[in-house]
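# the following block contains a protein sequence and its predicted model.
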Amino acid sequence: MSKYTIQGATGEWEVVIGLEVHAQVTSNAKLFSGASTQFGAEPNSQVSLVDAAMPGMLPVPNRECVRQAVRTGMAIEAEIHKWSRFDRKNYFYADLPQGYQISQLYHPIVGEGALTILADEKAGIPEDKVIGIERIHIEQDAGKLMHDQHPTMSYVDLNRTGVALMEIVSRPDMTSPAEAGAYVRKLRSILRYVGSCDGNMEEGSMRADVNVSVRKVGSTELGTRTETKNVNSVRFVMQVIEFEANRQVDVLESGGTVDQETRLFDPGTGTTRTMRSKEDAHDYRYFPDPDLLPLELDDAFLEECRASLPELPDAKRQRYENELGLTPYNARELTAEVETFARFETLLTETAKALGKPEADVATPVANWALSVAPGVMKSLGDEGDASNATAARQAAILKMQDAGEISGGQAKEIFEIVLKDGREPDEIADTEGLKQVSDTGAIEAAIDEILANNQDKVEQYMGGKDKLFGFFVGQTMKAMQGKANPAVVNQILKDKLG
Amino acid sequence: MTDFTNFGVREIRDGVAAGDFSAREVAESFNTAVEAASELNAFIVTTPEKALEAADAVDAARAKGEVLGSMAGVPIGMKDLFATDGVQTTAASHILEGFIPRYESTVSAKLWEAGCGMLGKLNLDQFAMGSSNETSYFGNVASPWRKEGTNAAMSPGGSSGGSSAAVAARIAPAATGTDTGGSIRQPAAFTGICGIKPTYGRCSRWGVVAFASSLDQAGPMARSVEDCAIMLGAMAGFDPKDSTSLDAPVPDWFGGLDADMRGKRVGIPKEYRMEGTDQAILDSWDKGAEWLRDAGAEIVEVSLPHTKYALPAYYIVAPAEASSNLARYDGVRYGLRDLPEGAGLQDMYAATRAAGFGDEVKRRVMLGTYVLSAGFYDAYYTQAMKVRTLVQRDFDAAFEQCDVILAPTTPTPSFPLNSLNDDPLTMYLNDVFAVPASLAGLPAMSVPATVTEDGLPLGLQIVGRAMDEQGVLNAGLAIEQRAGFTAKPEKWW
């Protein structure tokens, strides 16, 4: 697929996209107060004196939030600033008790970094692409206004006030909705690998401000951009870009100019509308927060941050390919989400142990099982199955029987189905439910002899060169064995007999 | 009943500890004096029951033979900028009228821990903005001092004007103050008492209503250097709740007092000889140098070349921080809310802040908002911060040549109330000698030196190296011993 462009009346337009992702830092306490950060608590039950901006209250930085930001920076291979500083962003709003947000404008904690989005031909990303990340800074979240509690009044919930956010600012390096979507997914994946953000977009743990501008293909100048605030799903991010790009092209082609403005996305209609124009833009009067000393990080702290980083998505994917011999597709699918690789790796370890083989030797069947067989069975069972019954030990037991030729692929699925439904042990299921294949050469040979004797004509045709009939003999044998014969044994004996 | 009101901190705590008198007797004595002095308007609220309660606790502890705190039995006045649990805390502003915190500032908590009792919450300039105590919503504080032969009410200085008036009038043996750009030292000088602003970070700012965070510093105000040393010891200390708090041990300043200045060099900054400074002030300065020489010190001239830029820089930095610090008074969560009929959020902000803040507060909020706005930030705030660094370097260089610096505290003695109201710039000039040490975060103290011809007190200022409160207190003690300042205001209230 070619480059994402918009065909207008006056020519072809391309899109320039930058994203500012706000990611809520995983920590028990808020950025500058000891109050809890748990989601969904009773309104105003998690508010300290500092959060409510009582007179004389002072912020004290939470080291864990700083640590998470540093680890995130390291995960995108960014420059970590050993000296950074907090600034106040001043504006009045009812959800902002202090009258300012503590943020980092001038000296962010994390500088230039990057992440790679992977080629996805189907989505229109022809090759891997590096997206620059300009900076990550830490800042306070605001509270929440509730307008639906009273006919004439608005209510304020300060539980979220002061919760730590990382603002991750990309370079304007993306040129299509698909690339932006891939960027958000990749970033989310990295954050979840690192454990610095739960990435839960529905609960608002991650949201994006989407900057979009358009320009004629071939132009090198950037057009005027709009910023659409607080977009909270990958799909919506893509919709915003799609809508904004087309809207801007329409505006420009009809002789208008794009206003530099802040816009809001309406998920109901998939459209954006003006929130405030540049003229109404706040003058935030940023200045260094005099309540806080500059943040100075020492080498020991940075070393601890680095040592605590897990294997990251790209490294893991490459290891899966190079060391476990998985296909690029499987490696990519398995490493996309934390839960997926975690399940896979547990099962891989368990299976390798059960089989007494190196992990690399069993990785491919385990990957196939984890990515396609097991999910397939689970999906077909729906509510009848209980996923908690599918322990790694039980799944490994199934894979072991299959590897030993004791059960067929079909039987493996049947056994897994029973495991999911009843939580019984695979070995016992195979025995009591007769779900084992026969590898007894004597029995198979007897069956084959009988089939060959009853089908002399076909034997002759086969001998005469009609190779395709081999399948017929296999089928007949399996049927005679009620599907329980080990196909490898059947093939071998048939080949021997038919010479 | 004995009148204890001429007693200072040390006499009271030693007398209580020795059993010469009870803490309750002392508290009652001061409670009575406070009640009788309402004309001074030094207190916004009085809390006689708190003073008695603390006194009874001290008496009981003594009876049980328990170890008593360093200020056991001393009733004090608390500047109404410190949050006091269960007692109205207003910063002398209408916008906080009726606000009763459910928390106690670190400094006040430490004082109660040391055995102090609270006589009441002291009046001040609104949000500590002012140099005359004329910006309080709760009315001017009158100095107990008057010019000889006149009845005109004089300014007790500001912003800690309630504190200075109360201590000078002997209705409190000591009081807390806060100093952002001279707010302890200038009122101390105006009322003939001592006051020390310690090194920035010595006293926790937690629970102190903020004016300008990078400058605000609490300190004691009392009638003697040793009382200041005792009280500062009780107030200071690292507080993990204040990120700018100094994580350093608190020395025994009282135990370390020593007026022998031999081997010490005292710097006289030549740039402080400014035009417009009263001759009486210049004379007292010369006398101060003589006293310190007499105490054994060598007097050297030093240069603080950026002094003339300090005041303008201060009047950019402090209002800038204030404009942001005061944004929280918005009528949403506590304090005054003015919600006109049919008003929206922005209207509520405007109405609340218009009604809640006094003129001087509004002036500084506007000033601060202006200097931080887009297009002006670099010209004002950035420049001012550079000046601040240069002023700090001036002091660093000067302290290569001397151990402490001696200067006047103020360019003039106290002035009549209402005489400078229409002239904020002249008013701001009151702090011209005080502000440089604030910008540099250095310990600085005012001690009484003499009285003018018409009977008004004058103070001398000692500025020391960062963390060297001891050096400052010792030089103060040397002056105190030689100045023989015994003048006290004649009771008219």
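Structure received. Numbers count the residues shown, from 1 in each chain, chains lettered A, B, ... in the order given.

# any idea how far B:Tyr137 is from the residue in the stretch 51-200 of chain B that chain A sits nearest to?
Using C-beta to the nearest C-beta, the closest approach of the stretch 51-200 of chain B to chain A is made by B:Ala83 at 4.9 Å. C-beta: built from backbone N, CA, C; applies to glycine. As judged by C-beta to C-beta, to the nearest Å, B:Ala83 and B:Tyr137 stand 17 Å apart.

# before we move on, what about B:Ala63?
Taking C-beta to C-beta, one finds B:Ala63 at 43 Å from B:Tyr137.

# comparing those two, which residue is more hemmed in?
A direct count of neighbours by other C-beta atoms under 10 Å in any protein chain shown for B:Ala63 and B:Tyr137 places B:Tyr137 higher, at 20 against 10.

# surely that one touches B:Ala91?
No: under the contact definition of C-beta atoms under 8 Å, B:Tyr137 does not touch B:Ala91, with a separation of 9.1 Å.

# what do the two both touch?
B:Gln126 (C-beta atoms under 8 Å, 6 or more residues apart in numbering or on different chains).

# do you have the helices of the stretch 301-450 of chain B handy? List them.
Assigned by DSSP state H, counting those that start in this stretch, the stretch 301-450 of chain B shows helices spanning B:307-325, B:345-356, B:359-372, B:383-401, B:424-429, B:435-440.

# nearest to chain A, out of the ones you listed?
Smallest distance to chain A across the helices of the stretch 301-450 of chain B (C-beta to the nearest C-beta): 3.8 Å, for helix B:359-372.

# is chain A within reach of that closest one?
Yes: using C-beta under 8 Å from any C-beta of the partner chain, we find that helix B:359-372 touches chain A at B:Thr369, B:Leu372.

# which helices and strands sit right next to that helix?
When contacts are defined as 3 or more C-beta pairs under 8 Å, 6 or more residues apart in numbering or on different chains; DSSP states H and E, helix B:359-372 sits against helix B:307-325.

# do the helix it packs on and chain A meet?
Yes: on the criterion C-beta under 8 Å from any C-beta, helix B:307-325 is in touch with chain A at B:Ala320, B:Glu321, B:Ser323, B:Ser324.

# include distance to A:Arg319 and neighbour count when you put the residues you listed into CSV, please.
Below are the residues of helix B:307-325 next to chain A laid out as CSV (distance: C-beta to C-beta, whole Å; neighbours: other C-beta atoms under 10 Å in any protein chain shown):
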residue, distance to A:Arg319, neighbour count
B:Ala320, 53, 27
B:Glu321, 52, 28
B:Ser323, 55, 24
B:Ser324, 50, 27
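
# would you mark the buried spots in stretch A:5-18?
Buried residues in stretch A:5-18, counted by 16 or more other C-beta atoms under 10 Å in any protein chain shown: A:Thr5, A:Ile6, A:Gly8, A:Trp13, A:Glu14, A:Val15, A:Val16, A:Ile17, A:Gly18.

# that stretch: end-to-end distance?
17 Å (C-alpha to C-alpha, to the nearest Å).

# among the buried residues of stretch A:5-18, which one sits closest to A:Trp369?
A:Ile17 (38.4 Å; C-beta to C-beta).

# give me the nearest residue to that closest one, chain neighbours excluded.
Of all residues not flanking A:Ile17 in the chain, A:Met174 sits nearest, at 4.0 Å (C-beta to C-beta, 6 or more residues apart in numbering or on different chains).

# surely the one you found is in contact with A:Leu115?
No: counting by C-beta under 8 Å, A:Met174 does not reach A:Leu115; the two are 11.4 Å apart.

# higher neighbour count, these two?
Set A:Met174 next to A:Leu115 and count neighbours by other C-beta under 10 Å: A:Met174 wins out with 28 against 24.

# how close does the more buried one get to A:Arg215?
Counting by C-beta to C-beta, the gap from A:Met174 to A:Arg215 is 14 Å.

# and for those two, which residues touch both?
With C-beta under 8 Å, 6+ apart, A:Met174 and A:Arg215 have common neighbours A:Val16.

# pLDDT score for A:Glu279?
pLDDT for A:Glu279: 69.

# need the contact list for the closest residue to chain A within chain B.
In chain B, the residue that lies nearest chain A is B:Ala327 (2.3 Å; C-beta to the nearest C-beta). Residues near B:Ala327 by C-beta under 8 Å, 6+ apart: A:Asn90, A:Phe92, A:Gln98, A:Gly99, A:Tyr100.

# closest one of those to chain B?
For those, the nearest to chain B is A:Gly99 (2.3 Å; C-beta to the nearest C-beta).

# look up the closest residue to A:Val70, ignoring the ones flanking it.
Sequence neighbours aside, A:Cys305 is the residue nearest to A:Val70 in space, at 4.6 Å (criterion: C-beta to C-beta, 6+ apart).

# quick revisit: would you format the residues of helix B:307-325 next to chain A as TSV with pLDDT included?
Converted to TSV, the residues of helix B:307-325 next to chain A look like this (pLDDT from 0 to 100):
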residue	pLDDT
B:Ala320	98
B:Glu321	98
B:Ser323	98
B:Ser324	98
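
# tell me the one of these nearest A:Leu309?
Among the residues of helix B:307-325 next to chain A, and counting by C-beta to C-beta, the member closest to A:Leu309 is B:Ser324, at 36.7 Å.

# need the contact list for the closest one.
Per C-beta under 8 Å, 6+ apart, neighbours of B:Ser324: A:Arg88, A:Asn90, A:Gly99, A:Tyr100, A:Arg285, A:Phe287, B:Gly368, B:Leu372.

# quick one: which of the residues you listed sit in strands?
The strands in this structure, assigned by DSSP state E, contain A:Arg88, A:Asn90, A:Tyr100, A:Phe287 from the contacts of B:Ser324.

# so who does the closest residue in space to the first one that isn't next to it in sequence touch?
Think A:Arg88. Leaving out its chain neighbours, the residue that sits closest to A:Arg88 by C-beta to C-beta, 6+ apart is A:Tyr100, at 4.1 Å. Taking C-beta under 8 Å, 6+ apart, we find A:Tyr100 in contact with A:Arg88, A:Lys89, A:Asn90, A:Tyr91, B:Ser324, B:Ala327.

# now those residues as a markdown table including distance to A:Asp120?
As requested, these are arranged in a markdown table below (distance: C-beta to C-beta, whole Å):
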| residue | distance to A:Asp120 |
| --- | --- |
| A:Arg88 | 42 |
| A:Lys89 | 37 |
| A:Asn90 | 43 |
| A:Tyr91 | 40 |
| B:Ser324 | 47 |
| B:Ala327 | 47 |
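
# which secondary structure elements does the helix or strand bottoming out on mean pLDDT in chain B sit against?
Least confident element among the helices and strands of chain B, by mean pLDDT, DSSP states H and E: helix B:424-429 (a mean of 86). Helix B:424-429 sits against helix B:307-325, with contacts defined as 3+ C-beta pairs under 8 Å, 6+ apart.
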